[in-house]
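Asker: Quick one: sequence and predicted model below, then my questions.
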Amino acid sequence: MIKPPQEVIDIFFKWYKKDVHSENEDYYHETITLDYLSGLSRSEFIEFFYNFAHEGGRVQSGGYRTSKQFRETINSQYEQFRPFILSPFEAKFDELQWLNRIEDFKYFGKGLATIYLNRVDKKRFPILNNKTAKALQLFDIKLSSKTIERYQDTKAAQQKLIDWFPELENFFRVDALCHFLAGEKEGIKIADELLSNIRNTPNDDENSKHPVRKKDFGMLPSLNTILYGPPGTGKTWKLRTEYMDLFTDTSATLSQEEYAARLVSDLAWWKVITMVMMDLKESRVSDIMAHPLMQARIKRSSSANPRAAIWAHIQMHTKQECQNVKYTKRYEPLLFWKGDNSVWSIDLELAEETVPDLKEKLEEFNSFEPGKPTKVERYDFTTFHQSFSYEDFVEGIKPVMPAEDATEEIPDSLAYEVRPGIFKKMVQWAQADPKHNYALFIDEINRGNVASIFGELIALIEEDKRQGAEHELTATLPYSQTKFVVPKNLYIIGAMNTADRSVEALDTALRRRFTFIAVTPEPETLPAAGEVEGLSVDLRKMLYTINTRIQKLLDKDHCIGHSYFLGVRSFQDLQGVFATKILPLLEEYFYGDPARIGMVLGEKFVSRNYESINWASGDWGQEEFDERHIFVIKDPRSLSQEDFQSIYE
């Protein structure tokens, strides 16, 4: 995508301040609200949206042509249209599903529909119209003809413009910019004069050959988000297949500096020194320090004195017979030699033999072509568990031989270092690359002791406490004694199972700082009755019925997810799922009370044993057990399709 020069934006704002667009930016801010619209009577509601269409939402001029027909649509479909038009105010609102439904309401086209969304939240929803498509072509963005893809492409491209030029602030202003460049004589002239010169030139941010990725960060309501729901609803699957894609560039263009950082950021000092010396062959420490690979390692190091660290580690791995190095304790591999003139050299043959992976990394670095498309993943993934600690997450003192950050003296015994945890590493990555968003994904976030894991950082992750925010907050880390702040381009996205009784309850302080997205069972995603060859069981009805009964007996947090049944391709598969997944789960839910499993699945799955019991002789007070019922859970593999159908019939 081509980045326009700042001059285009400056000229646009001069026009914008005088144009009716600026007057209309907040025209509906008091009326298109949930409180106002919910309070309208039927006639008032219909009249409001008739006027909205007639005025084109104060954005487009052609709305009056079909506004009367649109009023007839609202009147005839009022019961369906009213909840539909109010749904964008809901916390779980899905704009793509909503846009898929606009065809249900005649004369409510994608233009008027997206104008309405923009009036609901101008910082979240873009506007679709022909001028936008024409203007984006100036930036080498060609939009799809399909509504959903067109919307996603528009949102991604316009968000990129906002990222480049923060003064644009929201999608309403970007739409006005598109109107200016494609619909106003002054704007068309400016676009022709200033954009034509850079149309085929790569900019500093992206190569114009590669279109902007379709990234819908609107699906993430905040920087801190947790997906929650009962087992089997696809929370982890969503993390891996939907959310991780937001932080993956399949055709990213990296600079040499960025590529170097990805090669060496997690390597020990001596390994980076080895790569540098394999490249330089002979060098002084100052030249080693200036090498791009070493500079990349230094930038992501917490060492207060990187030069001393380089001196220490190159001497640690110097050959024993070298008289110019006085360290008595050396560590394999011994690769380096210090000459009388203080010039260092490397045993290249030995290095290639003992650390061939470093040779390969160096070859990758030397063959790197800046601007060449490559796949870049700007995220990391971890899973919390009972023994996961602050030291694993933020930083901790870890034993190491030899010490990674040793500076002057190398101990003869076990040494320790302050090692960053996964969260601190992601913070460092995000701070070093503020132009891109990064994410840390945490599965089973409620299985760890969250208050202990986050420690003093629980306050720093709030959006208004992050780096550059209004109430920026820093903390001093206890081990490294360094200042720490969380950047605004780092997302924390977790997933938690609401039915797991063996986990820690989420800390109230954590709940307050996260936005929660419910991931519920979706029976409609399962094959419909008759779609699976040889299977007469209606999976959708069966799952819906089971969950309805579980909610009555327990709660919605213990429902059964649809993912258990996604792989069912035959009746034998269904029997296996029940035997190995569903029944064990229900036995855990209703531990010691099999009658309740019978209440969920029916008498075909659970039966009462009426056989009398002969107690061992003696006076045991067994009378209290005589009325106790014994239930037998049947093996699902022995049941018929009719037995499974009995669950919902």
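Answerer: Cool, got the structure.
Asker: can you confirm G494 is in a strand?
Answerer: Yes - when classified by DSSP: H, G, I helix; E, B strand; the rest coil, G494 is found to be part of a strand.
Asker: got the domain boundaries for the protein?
Answerer: Residue ranges for the structural domains of the chain, counted by automatic domain parsing, are given in the record as 6-212, 258-375, 378-514, 523-645.
Asker: CSV please, covering the ones you listed and showing distance to Y228 and mean pLDDT.
Answerer: Where C-beta positions appear, they are placed from N, C-alpha and C, glycine not excepted. Formatted as CSV, the domains of the chain follow (distance: least, Cβ to Cβ, whole Å; pLDDT from 0 to 100):
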stretch, distance to Y228, mean pLDDT
domain 6-212, 12, 83
domain 258-375, 30, 88
domain 378-514, 5, 82
domain 523-645, 9, 89
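Asker: any chance of those domains in TSV, plus mean neighbour count?
Answerer: Below are those laid out as TSV (neighbours: other Cβ atoms under 10 Å):
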stretch	mean neighbour count
domain 6-212	17
domain 258-375	16
domain 378-514	17
domain 523-645	15
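Asker: G234: which of these is closest?
Answerer: With Cβ to Cβ, the closest approach to G234 among those belongs to domain 523-645: 4.9 Å.
Asker: Quick one: distance of that closest one to the chain centre.
Answerer: For domain 523-645, the gap between its own C-alpha mean and the chain's C-alpha mean amounts to 36 Å (Cα atoms, centre = their mean, to the nearest Å).
Asker: Same check on stretch 490-502?
Answerer: Worked out by Cα atoms, centre = their mean, stretch 490-502 lies 13 Å from the chain centre.
Asker: so who does I461 touch?
Answerer: I461 makes contacts with 223-224, 454, 486, 492, 513, as judged by Cβ atoms under 8 Å, 6 or more residues apart in numbering.
Asker: now do I397
Answerer: Counted by Cβ under 8 Å, 6+ apart, I397 has contacts 391, 416-419, 479.
Asker: cool, and K398?
Answerer: Counting by Cβ under 8 Å, 6+ apart, K398 touches 391, 416-419.
Asker: sec struct for it, please.
Answerer: Using three-state DSSP as the criterion, the local structure at K398 reads strand.
Asker: Run through the bridge partners of it.
Answerer: Counting by DSSP bridges, K398 is bridged to E417.
Asker: ok so A53 is a strand residue?
Answerer: No - looking at A53 with three-state DSSP, it is helix, so not inside a strand.
Asker: May I ask which two of the contacts of I461 are separated the most?
Answerer: Comparing all pairs in the contacts of I461 by Cβ to Cβ, the longest separation belongs to L223 and F454, at 14.4 Å.
Asker: Look up the closest residue to S222, ignoring the ones flanking it.
Answerer: Using Cβ to Cβ, 6 or more residues apart in numbering and skipping the chain neighbours, the partner closest in space to S222 is T515 (4.1 Å).
Asker: again, but for F165
Answerer: The spatially closest residue to F165, leaving aside those adjacent along the chain, is I9, at 5.0 Å (Cβ to Cβ, 6+ apart).
Asker: who does the helix or strand containing the one you found touch, helix- and strand-wise?
Answerer: Under DSSP states H and E, the secondary-structure element containing I9 is helix 6-18. Packed against helix 6-18 by the contact rule (3 or more Cβ pairs under 8 Å, 6 or more residues apart in numbering; DSSP states H and E) you find helix 171-183, helix 185-190.
Asker: Understood, closing this out.
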